[in-house]
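Asks: Kindly generate the corresponding structure for this input.
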Amino acid sequence: MNKNTIILSLATTILCAAIIGGIYAVTPETQEPVNGPNSHEWARDTALDSLDMLKPSSWSKQDTIPEGLIGTNIKTYTSGDLTITVSHNLNPSADFGVKVENGENTWDLWVSQDGTTQPK
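Replies: Numbering: from 1, shown residues only. I've put the predicted structure just below:
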């Protein structure tokens, strides 16, 4: 093998390793994306703010869409005794449905796109 062949082989190996590493990279479930306005995370935090509850520093997140349900995205966030379920349909102007459960207490709220909340 000449020098160019070795360099090309090494470059190809490194490139393949980088691609495969990117495909199989795993992030922890507790890592949250940046809260954008009108996201599930935004609605979760807005509901907690309206209830004057402190936001935990980390969450476990799970997609909880029942089989056969079309057009609605449901995410459940858990931290200790606090469980929050946020649902939103595919209409971007629709309100978010937020259920907050903390021990024995439960609140069902609507979070509108402008950030106001009201009981369901």
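
Asks: quick one, helices of the protein?
Replies: 3-23, 40-50 (DSSP state H).

Asks: any idea which of these scores lowest on pLDDT?
Replies: Lowest mean pLDDT within these: helix 3-23, at a mean of 63.

Asks: I figured residue 92 hits residue 38, correct?
Replies: Yes. Residue 92 lies in contact with residue 38 (CB atoms under 8 Å); the separation is 7.4 Å. Heads up, the C-betas are built off the backbone N, CA and C, glycines and all.

Asks: so where's this structure uncertain?
Replies: 1, 6, 8, 10-11, 13-36 (pLDDT under 70).

Asks: just the strands in it please.
Replies: Using DSSP state E, the strands of the chain run over 60-63, 72-79, 82-89, 96-102, 105-111, 117-119.

Asks: I'd like these laid out as TSV, including distance to residue 47 and mean neighbour count.
Replies: As requested, the strands of the chain are exported to TSV (distance: least, CB to CB, whole Å; neighbours: other CB atoms under 10 Å):
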stretch	distance to residue 47	mean neighbour count
strand 60-63	15	14
strand 72-79	10	17
strand 82-89	7	20
strand 96-102	4	19
strand 105-111	5	16
strand 117-119	6	12
